[in-house]
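Participant: I would like to see how this sequence folds:
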Amino acid sequence: MAWFSFGKDKTKEKETLDKGLGKTKENLLSRLTKTIAGRSTIDDSVLDNLEETLISSDVGVETTLKIIEHLQQRIKRDRYISTSELNSILRAEIATLLKHDESNFPSDFDQPLPHKPYVILVVGVNGVGKTTTIGKLAYQYKQAGKSVMLGASDTFRAAAVEQLTIWSERVGVPIVQQGMNADPASVAYDTLQSALSKDIDVVIIDTAGRLHNKVGLMNELTKIRKVMQKLVPDAPQEVLLVLDASTGQNAIEQARQFTAATEVNALALTKLDGTAKGGVAIGICDQFKIPVRYIGLGEQMTDLQMFDPEAFVDSLFA
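Facilitator: Next comes the predicted model:
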């Protein structure tokens, strides 16, 4: 994957990522510095402190224990590891945890799409930045020269259709909507049918952020998928779960709920620029074996980036 995954101004995008991860980096590196202060080698005491550091940085218990175990194996094999090596070893470990097979996804907004229309079904609870993420995705794909259509299948919340309509107007892309309380699956079907008739490249469909229970959510998302597959058998290509990185471990719990309810195969992490809890990206990637596809690093429409694990780790440890 390229250093950054959209746009031509790589330097500006790198600066955006560095700045966006500033609070997470400061939190993690300051704790790591205290962990190894006055030590020359990694011993059990350092590992104990490192474990506490990673957990408190929202990496998560399960993923932290995996990292510690790998370090212990490395120490056992090499018999000696200096604290000066810890940084590079951690970088390599975290980069490995963040990498997943993304061969079925476009690696860049301006890359050829693996399917047409390329259908993205967006899920997530209310308040995580779901609608904003959809607007930014539409903008990025349109800027890359692709035609985009939105579908307003979140019909249970009064403001949802209105907010998505505002984004469609702002970005300048068409939207299919039937108003509040319409059948979400019917909206999704009409959206895809319209996209096919107009030869649209990318279809992005919003869904309800919360139903009465997990069974209701599962049934609704399954119904949406089935009606779309009557028109496009392999739709949707992306089931994108949007999570608010600033909620830390709560984001992991949301991921657990949604992955149980539907076949999520991609993640978007929002609000990374305003939190010190960016380490949650590592835990979510590792625990659910789902790639982070997009990260939100600001309010501007250009502040949504395709996720690059190597660039992320470099900004975190540089």
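Participant: so who does residue 153 touch?
Facilitator: With contact taken as CB atoms under 8 Å, 6 or more residues apart in numbering, residue 153 is in contact with 184, 185, 187, 188, 191, 205, 206, 207, 208, 224. From N, CA and C alone the C-beta is placed, and that goes for glycine too.
Participant: which one of those residues is nearest to residue 171?
Facilitator: Residue 171 lies nearest to residue 206 out of these, by CB to CB, at 13.7 Å.
Participant: could you count how many residues lie near the closest one?
Facilitator: Neighbour count of residue 206, defined by other CB atoms under 10 Å: 31.
Participant: so where's the stretch 201-318 of the chain shaky on pLDDT?
Facilitator: 211-214 (pLDDT under 70).
Participant: let's go with 90 and repeat that
Facilitator: For the stretch 201-318 of the chain, applying pLDDT under 90 flags the ranges 208-220, 248-250, 253, 256-257, 260-262, 272-279, 297-303, 308, 310-311, 314-318.
Participant: quick one: the strands in it?
Facilitator: All strands of the stretch 201-318 of the chain, identified by DSSP state E, counting those that start in this stretch, fall at 202-206, 238-244, 266-270, 292-296, 304-306.
Participant: quick one: the longest one to strand 266-270, angle?
Facilitator: It stands for strand 238-244. Orientation of strand 238-244 against strand 266-270 (axes from the mean of the first three to the mean of the last three CA atoms, to 10 degrees) gives an angle of 30 degrees.
Participant: for strand 238-244, which outside residues touch it?
Facilitator: 105, 118-124, 127-130, 133, 251, 254-255, 258-259, 262-271, 284, 290, 293-294.
Participant: just the CA trace of it, in PDB.
Facilitator: Provided in PDB are the C-alpha atoms of strand 238-244 (Å, rounded to 0.1, in the frame of the first residue of the first chain):
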ATOM      1  CA  GLU A 238     -18.100  -3.500   2.200                       C
ATOM      2  CA  VAL A 239     -20.100  -3.700   5.400                       C
ATOM      3  CA  LEU A 240     -18.400  -0.800   7.100                       C
ATOM      4  CA  LEU A 241     -18.700  -0.400  10.900                       C
ATOM      5  CA  VAL A 242     -18.100   3.100  12.100                       C
ATOM      6  CA  LEU A 243     -16.600   3.500  15.600                       C
ATOM      7  CA  ASP A 244     -15.700   6.600  17.600                       C
END
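Participant: could you give the angle of that strand to strand 202-206?
Facilitator: Using the same axes, to 10 degrees: strand 238-244 against strand 202-206 is 50 degrees.
Participant: and the angle for strand 238-244 with strand 292-296?
Facilitator: Orientation note: strand 238-244 sits at an angle of 40 degrees relative to strand 292-296 (the same axes, to 10 degrees).
Participant: partners of strand 238-244 in the sheet?
Facilitator: strand 118-123 (parallel), strand 266-270 (parallel) (DSSP bridges).
Participant: between those strands, which one is nearest to residue 71?
Facilitator: strand 266-270 (25.6 Å).
Participant: mean confidence (pLDDT) on stretch 115-132, please.
Facilitator: For stretch 115-132, mean pLDDT is 94.
Participant: check which residues of it are buried.
Facilitator: With burial defined by 16 or more other CB atoms under 10 Å, the residues of stretch 115-132 counted as buried are 115-125, 128-132.
Participant: next one: stretch 252-265
Facilitator: For stretch 252-265, burial by neighbour count (16+ other CB under 10 Å) applies to 252, 254, 255, 258, 259, 261, 262, 264, 265.
Participant: nearest spatial neighbour of the most centrally placed residue in the chain, chain-adjacent residues omitted?
Facilitator: Central residue check for the chain by CA atoms, centre = their mean: the C-alpha nearest the mean position is that of residue 268, 2.1 Å away. Nearest residue to residue 268 in three dimensions, chain neighbours excluded: residue 294, at 4.2 Å (CB to CB, 6 or more residues apart in numbering).
Participant: who does the one you found form a beta bridge with?
Facilitator: Here residue 294, judged by DSSP bridges, has bridge partners residue 268, residue 306.
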